[in-house]
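# output the structure for:
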Amino acid sequence: MNYYFAGYQILNFETKDGGRIDGFNIFLMSKDENVKGQKAEKKFISRADYDRMRVNFDTFVGKNVTIFCDLKGHPVLIQEHKTAA
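Predicted coordinates for the structure are as follows:
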């Protein structure tokens with residue numbers, strides 16, 4: 001699906017129950033016929049998934065991207081979306 005990559009937030013902290021959160025929240029915007037303007041979304045990407053994707057989120061900030069997800073809806077690949085000139 002195509003999105004505008006608005007930004008990201010690095011997460012790395014211990015939860016109250018002793019677990020660990022290590023990853024990123026990415027903030028996206030997209031067109032939706034049921035929304036006046038743009039739909040805003042937040043998706044979590046674990047550090048392990050980020051490392052597997054071999055991407056640098058800095059290169060996507062402020063750009064249009066295509067996000068490919070697995071059958072459970074988890075992002076597995078992010079690419080800059082090139083529009084035709």
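# I'd guessed residue 70 sits against residue 76; true?
Yes. With contact defined as Cβ atoms under 8 Å, residue 70 counts as touching residue 76 (5.2 Å). Using the backbone N, CA and C atoms, a C-beta is placed for each residue, glycine as well.
# show me which of the two is the more surrounded one.
For residue 70 versus residue 76, neighbours defined as other Cβ atoms under 10 Å are more numerous around residue 76 (13 against 10).
# got the phi/psi numbers for that one?
For residue 76, the backbone dihedrals (degrees, to the nearest 10) come out as phi -120, psi -20.
# and the longest strand seen in the chain, which strands flank it?
Criterion DSSP state E: the longest strand present in the chain is strand 2-14. Neighbouring strands of strand 2-14 in its sheet, by DSSP bridges, are strand 20-30 (antiparallel), strand 63-69 (antiparallel).
# quick one: the ones you listed as JSON lines, columns for distance to residue 54 and mean pLDDT too.
Shown next, in JSON lines, are these (distance: least, Cβ to Cβ, whole Å; pLDDT from 0 to 100):
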{"stretch": "strand 20-30", "distance to residue 54": "14", "mean pLDDT": "97"}
{"stretch": "strand 63-69", "distance to residue 54": "14", "mean pLDDT": "94"}
